[in-house]
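Student: have a look at this prediction, sequence included:
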Amino acid sequence: MLKRVHFPASVLPYLLVAPQILVTLVFFIWPASQAVYQSFLIEDAFGLSTEFVWLENFTLLMDDAIYLASFGRTILFSVAVAFLSMSMALILAGFADRVVRGATAYRTMLIWPYAVAPVLAGALWVFMFNPTLGIFPFLLEMVGVDWNHYLNGNQAMALVIFAAAWKQIAYNFLFYLAAMQSIPRSLIEAAAIDGAGPVRRFRDLIFPLISPTTFFLLVINAVYAFFDTFGIIHAITQGGPANATTILVYKVFNDGFVGLDLGGSAAQSVILMFLVISMTVVQFRYVERKVEY
Amino acid sequence: MIENRPILNLVSHLVLILGIAIVALPIWITFVAATHDAVRMTQAPIPMLPGGHFWANFKQTLFGAGLSGSEAAPVWRMLLNSLTMAMMIAVGKIAISLISAFAIVYFKFPFRMGFFWMIFITLMLPVEVRILPTFEVVADLGMLNSYWGLSIPLIASATATFMFRQVFLTIPDELLESARIDGAGPLRFFWDILIPLSRTNIAALFVILFIYGWNQYLWPLLITTDADMTTIVMSIKQMLEAAEQSPQWNIIMMTALLAMIPPVFVVVAMQKLFVQGLTETDK
């Protein structure tokens, strides 16, 4: 943590940490404590008086069927995004690990969607699935599927899942490929000499060995789906139709900035903060455990 | 190569090419849409092969009014705003993280661990979960519709501080000892030894943070109301809304293309630094 040899205490270290601490205090800790404080208040409909109500905002949320439905939807959404993008990435990384010629070229072609902003990813997918113009509704109509994500909640959910998973493939692919390439070749050669074919080696050797990466990516993908997909949903569905794609982050935004329910929105923020903190703790506690080869 | 299986090799290449095709399809459709005129883009099915209007659309989007009938700023202005914001966020984050990591690793002073934990907390509070109170703070400080408001609230960074801390801890103590024997003070040591030694880490982090800054969406959306301050990433959403009345998909998709070219270029051109930055900051 600290160097064995270090500089003596003076005013200098305080000056050095000052900018970071200042920004943290003003834009992180103060707003977060404001959110906690506001979550204990209820404002009347005209914003004239506020009342301190302890946990009433939270109990209201717990009884709110719309909020609970949004919670369930968020979990479904993140499980689907994590599963879809991680399995795609695992398959691609598994084959990329085998390829000798052109491996770098393949990697380059697969990683760049990382750089596409979520809202742009949303715009691209909403264009491809535009009910009147899009290429996919046109193709789907040939097999008798009527696609309209503006009306059909399940289709809207599927569309945001596709867009969110598409963007995350690049990230998962990079980490899976790095994990596979760090497995000692001698292990794989030993398995091959013992007669294990490629499928067997993948199932019984490579996949178990990269399990820490899988766990790490699960946490990262959950955090991504929970918090970084606002742009995708805002561009594609705006939470609709009939709240079918309103995940928690979108609901905080919507209730606070559109619905102006400050107390309720703050209470939701506080719940989200607890979720992030617990996810971060899980990530830090378990991710550092390395596999011994 | 462990064993020679020509068929499996062929399958590997085919799967990878298929994967690339799936990943690239949305971009291909965007590109094609940006090369046709507005009329063609209102007829289903939309074309799958490029047309001849790329440069006309390019000019109209970048220098013309963009979408006709909208009051948005010209696209070149939005690109400039995005660039300014991304650079301020990336440079600011790196600068304040470098000096605070230096203080925490190389100085023993009261409240050192307190500061460390205070920085750690920022890791846990993404902007999305505390938007409303942060917005109020920025409004009270009069930073709405300014580059400062766009960048400063986002520049505290626990991950960057951690990464530099990690880097500094791997630098041998002997360097500091010899620097002190030669009479170098803390700032001299920081500037002449630590910074040059962590140059690649700084570059790698810059790549990641530039993309992070460029792709910011919710925050600029909240704090800019002035059309002159909109960023390119934000403008896409406004155009999508306008598209519901009068679709000009060629212009929208050209704008989307322009919005994604800078960060994609950074990733592809600095791939090695990008991979390094990604794996270092998250682990």
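Tutor: Yep, that arrived.

Student: quick check, stretch A:225-236 touching chain B?
Tutor: Yes - residues of stretch A:225-236 are located near chain B by CB under 8 Å from any CB of the partner chain, namely A:227-228, A:230-231, A:234-235. Every C-beta, even on glycine, is put in place using the N, C-alpha and C of the backbone.

Student: just put the residues you listed in a markdown table and tack on secondary structure, neighbour count and pLDDT.
Tutor: Formatted as a markdown table, these follow (DSSP: H, G, I helix; E, B strand; the rest coil; neighbours: other CB atoms under 10 Å in any protein chain shown; pLDDT from 0 to 100):
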| residue | secondary structure | neighbour count | pLDDT |
| --- | --- | --- | --- |
| A:227 | helix | 20 | 84 |
| A:228 | coil | 19 | 84 |
| A:230 | helix | 23 | 88 |
| A:231 | helix | 27 | 87 |
| A:234 | helix | 22 | 89 |
| A:235 | helix | 25 | 87 |
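
Student: which residue ranges form the helices in the stretch 101-250 of chain B?
Tutor: Assigned by DSSP state H, counting those that start in this stretch, the helices in the stretch 101-250 of chain B fall at B:112-122, B:131-140, B:147-151, B:158-169, B:173-181, B:186-189, B:195-197, B:199-214, B:218-223, B:232-243, B:249-269.

Student: and residue A:9, how many neighbours?
Tutor: If you count neighbours by other CB atoms under 10 Å in any protein chain shown, residue A:9 ends up with 13.

Student: now do the contacts for the residue nearest to it when sequence neighbours are not counted.
Tutor: Using CB to CB, 6 or more residues apart in numbering or on different chains and skipping the chain neighbours, the partner closest in space to residue A:9 is residue B:109 (4.3 Å). Going by CB atoms under 8 Å, 6 or more residues apart in numbering or on different chains, residue B:109 touches A:9-10, A:13-14, B:103.

Student: low-confidence bits of the chain, can you list those?
Tutor: Just so you know, I chose chain A. Residue ranges of chain A with pLDDT under 70: A:1-5, A:43-49, A:286-293.

Student: please go with chain B instead
Tutor: For chain B, the ranges with pLDDT under 70 are B:1-2, B:44, B:64-72, B:123-124, B:127-129, B:243, B:246-247, B:281-283.

Student: quick check: closest non-adjacent residue to the most centrally placed residue in it.
Tutor: The residue lying closest to the centre of chain B (CA atoms, centre = their mean) is residue B:211, at 1.7 Å. Distance criterion CB to CB, 6+ apart; nearest residue to residue B:211, sequence neighbours excluded, is residue B:263 at 4.6 Å.

Student: count of neighbours near that neighbour?
Tutor: 25.

Student: now do the strands in chain A.
Tutor: A:41-43, A:50-52 (DSSP state E).

Student: for residue A:166, find the nearest of these.
Tutor: The minimum distance between residue A:166 and the strands of chain A falls on strand A:41-43, with 40.4 Å, by CB to CB.

Student: OK, contacts around the residue nearest to the centre of chain B?
Tutor: The neighbours of residue B:211, taking CB under 8 Å, 6+ apart as the test, are A:114-115, B:86, B:263, B:266-267.

Student: what's the most distant pair in the residues you listed?
Tutor: Taking CB to CB, the two most distant members of these are A:114 and B:86; they sit 15.2 Å apart.

Student: the more surrounded of the two?
Tutor: Higher neighbour count among residue A:114 and residue B:86: residue B:86, with 25 against 21, using other CB under 10 Å.

Student: what's the residue lying closest to that one once chain neighbours are set aside in contact with, if anything?
Tutor: Counting by CB to CB, 6+ apart, residue B:86 lies nearest to residue B:213, which is 3.6 Å off, once chain neighbours are set aside. Residues near residue B:213 by CB under 8 Å, 6+ apart: B:85-90, B:151, B:154.

Student: can you name the residues that contact the closest residue to residue A:241 other than its chain neighbours?
Tutor: Excluding the flanking residues, the one nearest residue A:241 by CB to CB, 6+ apart is residue A:153, at 5.5 Å. By CB under 8 Å, 6+ apart, residue A:153 lies in contact with A:241-242, A:244-245.

Student: okay if I get the residues you listed as TSV plus distance to residue A:160?
Tutor: Below are these laid out as TSV (distance: CB to CB, whole Å):
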residue	distance to residue A:160
A:241	12
A:242	15
A:244	9
A:245	5
